[in-house]
Structure formats: C-alpha cells, structure tokens
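1. Provide a 3D model corresponding to the input given below.
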Amino acid sequence: MSPTATTLRSTVAAEMPVHALMTRELTTLDRNQTLELADHLMALGRIRHLPVVDEGRIVGVVSGRDLFRAAFAEALGCGSKARRRLLRSIGVKEIMSEPAVTVPPDTSARDAARLMLEQRIGCLPVVQGGVLIGLVTETDLLRCAYAL
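-> This next block holds a predicted model:
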C-alpha cells in the first residue's frame, strides 16, 4: 500500500465517530447495588466496565480495577466466602469513579483516545441528550487502529 493510501486510511480511522465503534448493548448497575453483583456481571459477561445509572442518567463507572481495589481481602489470603461477604457489604456508590467522563456520539476516535489517555481511564460512556447510548473502550479503539 502506498504511503498516501496509508495516511488516508489512518486519517479516516482517527476521525471515525465513536458511535460507529461503541458497544450499544450495555449492562449497567444502579448506584445502590452491591459489588457482589458487579463482580458476577463482569465475570459472566467477560466485561471490564459497568456504567452506573440513576434514573437513566450516567452517574459513574465501575471498572474491574475498582472492583479489584475493593476486594483486597482476597489479596490478603482470605477465602472465596470471605471475599463474597466483603463484596456483598460494599455498595457500588462507594467505589464507582464519579463523575463519569462522557462524550457525545460524534466525538472522533482520536479525541476519545486522547481523552482516555489524559484521564487515565479505560472507557468513555457515550451520552446523547443526557441519556447513555453506548460505551467506547480501549479495545474498541484498538480494533479501529488494527483495521488500518
């Protein structure tokens, strides 16, 4: 492929709007649910980020990293029953990252990647009219870059 074609493809991918890359079918949490549920949802769905909503509005995000930090008991050698008890006792609202850093659906992949790097986060909830419509992740952006 010629250098001009490569540059053109790179530019097109970088300017692709996040609505073309995002996941639309989301699993969400309510701020009053427990980390035990978050842990189950992440394990079952093989996902790393769960948007937290309150009356349809995004209020935060729980990541696998947040969950790991909260579940320090396992790292201290406690068994799985103690870990489950601990996760059952902690609410999502206690560990979620808030406020959620969000983007509108027309945000370019380049701008989304820059924002994620600047904020040191692994996902961006995509919001339109105050309503959560999708989630763009590091993996989505890597897929876009890999397609070059």
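2. who's in contact with Gly130?
-> Residues in contact with Gly130, defined by CB atoms under 8 Å, 6 or more residues apart in numbering, are Arg57. C-beta: built from backbone N, CA, C; applies to glycine.
3. helix, strand or coil for Val136?
-> Secondary structure, DSSP: H, G, I helix; E, B strand; the rest coil: Val136 is strand.
4. report the contact partners of it.
-> Residues near Val136 by CB under 8 Å, 6+ apart: 18, 21-23, 103, 112, 123-124, 126.
5. make it 6 Å
-> Taking CB atoms under 6 Å, 6 or more residues apart in numbering, we find Val136 in contact with 18, 21-22, 112, 124, 126.
6. the residue lying closest to Arg110 once chain neighbours are set aside - how many residues pack around it?
-> Spatial nearest neighbour of Arg110, chain neighbours left out: Ala14 (4.0 Å); criterion: CB to CB, 6 or more residues apart in numbering. Counted with other CB atoms under 10 Å, residues neighbouring Ala14 total 16.
7. which strand or helix spans Ala14?
-> Using DSSP states H and E, Ala14 sits within helix 3-15.
8. quick one, helices of the protein?
-> Per DSSP state H, the chain carries helices over the ranges 3-15, 35-45, 64-70, 72-75, 80-89, 92-95, 109-119, 138-146.
9. quick revisit: the residue nearest to Arg110 contacts Asp111, doesn't it?
-> No. In this structure Ala14 lies outside contact range of Asp111 using CB atoms under 6 Å: 8.9 Å.
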